[in-house]
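Trainee: Model the structure of this input:
(one chain, ligands or ions: 1)
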Amino acid sequence: PVPARVIDGKAVAAARTQALAQRVAGFRERTGVVPGLAVVLVGDDAASAIYVRRKARQCEAVGMRSVQHVLPGATTQAELLALVERLNRDPDVHGILVQLPLPRPLDEAAILAAVDPDKDVDGFHTMNAGRLALGRPALVPCTPLGCLLLLRELGVALRGKRALVVGRSVIVGRPMAQLLLMEDCTVTIAHRHSQDLAMLCREADILIVAVGIPGLIRGDWIRPGAVVIDVGINRVDDGAGGSRIVGDVAYDEAAHVAGAITPVPGGVGPMTIACLLENTLAAAAAIEGGAAA
Ligand code: NDP
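Mentor: Numbers count the residues shown, from 1 in each chain. All right, here's what the predicted structure looks like:
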């Protein structure tokens, strides 16, 4: 068997980020406006703090403004809503990102619903999910958008292909399926209750996995030559007293069968932030009426 082409998400993300920096510079020149991203973090979750810092750093690296709002874990729903309202009205803020998960008892759905859909760079607002479901222009969640961009980067024709999305979360699986439908794929969505997942996988030309179970998808489930995009991020024991990050696909097995495959780490992960930054420029362009390109 021919080893799969490894899809280098890190390199694709770096190239897109570089191109984005030039687009941001052009936008600033034309409009005099610096795109601004507000990131809201509630509580002291260590992983969330790392993500938020990374987002802010990369935002500034491409010439956009980033403002971090770090609130104590005991913040009330009313206080958080007041901040979101303030950011909705702030003309210097074009993108608002509320880092999830929010600590209990904050009502995540109500907070996400309060974000101005035009500033909803995570694409989690009902308005954007609805627009996407209708096949209309929308701010699209960053991780599935990143997966689509990786597929485009491969240059494989998507029209008419059988695509299987494993996982139906609001953040990844559902919007991913909508995006593939817009690309004219024949889309199947699998979840916890799907029968014979192996058989569904074997039928897929394009397999996107976003579940959160290490090695769930085995090599012999994969159709020879299929494109495999592994969204999973799972920390597992490395057998030497430490830990390492693996995806939802048994990579070593799959790499002998698939035509192309994303590694974990270094596949989908780096694309997510790149897409967040692209969404922020797109939001700024829509709000300020300047072309994003
Ligand atoms: P969720 O836990 O929200 O959703 C998981 C989905 O997998 C659910 O739809 C669930 O089905 C389905 N599922 C669970 N068990 C099975 C099974 N045995 N067979 C088939 N389907 C199953 O996770 P997310 O979508 O948020 O994330 C998925 C993975 O992607 C995680 O590892 C996460 O860390 C990673 N991730 C990576 C990102 C990145 O690269 N930047 C960003 C976001 C997530 P049901 O709906 O029936 O419960």
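
Trainee: export whichever strand or helix holds Ala198 as CSV, just CAs?
Mentor: Element membership for Ala198, per DSSP states H and E: helix 197-202. Output in CSV follows, covering the C-alpha atoms of helix 197-202 (Å, rounded to 0.1, in the frame of the first residue of the first chain):
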residue,chain,number,x,y,z
LEU,A,197,-20.0,2.8,12.1
ALA,A,198,-17.3,0.7,10.5
MET,A,199,-19.6,0.1,7.5
LEU,A,200,-20.5,3.7,7.2
CYS,A,201,-16.8,4.7,7.3
ARG,A,202,-16.0,2.2,4.5
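
Trainee: Average pLDDT for it, rounded please.
Mentor: The average of the pLDDT scores along helix 197-202 is 98.

Trainee: next one: the longest helix along the chain to chain centre, how far?
Mentor: What stands out as the longest helix in the chain, according to DSSP state H, is helix 9-31. Computed by C-alpha atoms, centre = their mean, to the nearest Å, the chain-centroid distance of helix 9-31 equals 18 Å.

Trainee: now what about it, what contacts it?
Mentor: The contact list for helix 9-31 (C-beta atoms under 8 Å, 6 or more residues apart in numbering) reads 33-35, 58, 61-64, 146, 149-150, 153, 262-263, 266-271, 273-274, 277-278, 281, 284-285, 288, 290-293. Bear in mind the C-beta positions are built from the backbone N, C-alpha and C, glycine included.

Trainee: what about this protein, any weak spots by pLDDT?
Mentor: 1, 290-293 (pLDDT under 70).

Trainee: Show me which residues of it are close to the ligand?
Mentor: 143, 166-169, 171-173, 190-194, 197, 210-213, 231-234, 268-269, 272 (C-beta under 6 Å from any ligand atom).

Trainee: Which members of these occur in helices, if any?
Mentor: 143, 173, 197, 269, 272.

Trainee: got the residues you listed as TSV, with neighbour count columns?
Mentor: Shown next, in TSV, are those (neighbours: other C-beta atoms under 10 Å):
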residue	neighbour count
Thr143	23
Gly173	23
Leu197	18
Gly269	20
Thr272	21
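
Trainee: Please identify which pair of these lies farthest apart.
Mentor: Leu197 and Thr272 (24.9 Å; C-beta to C-beta).

Trainee: What segments of the stretch 1-150 of the chain are strands?
Mentor: 5-6, 36-42, 65-71, 95-98 (DSSP state E, counting those that start in this stretch).

Trainee: coming back round to it: what comes into contact with the helix holding Ala198?
Mentor: 164, 166, 188, 190, 194, 207, 217-218, 220-223.

Trainee: What are the buried residues along that helix?
Mentor: 197, 200-202 (16 or more other C-beta atoms under 10 Å).

Trainee: same thing with stretch 30-45?
Mentor: 33, 35-43, 45.

Trainee: Of the contacts of helix 197-202, just the buried ones, PyMOL syntax please.
Mentor: Buried residues within the contacts of helix 197-202, by 16+ other C-beta under 10 Å, are selected in PyMOL with:
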select buried, resi 164+166+188+190+207+217+221+222+223
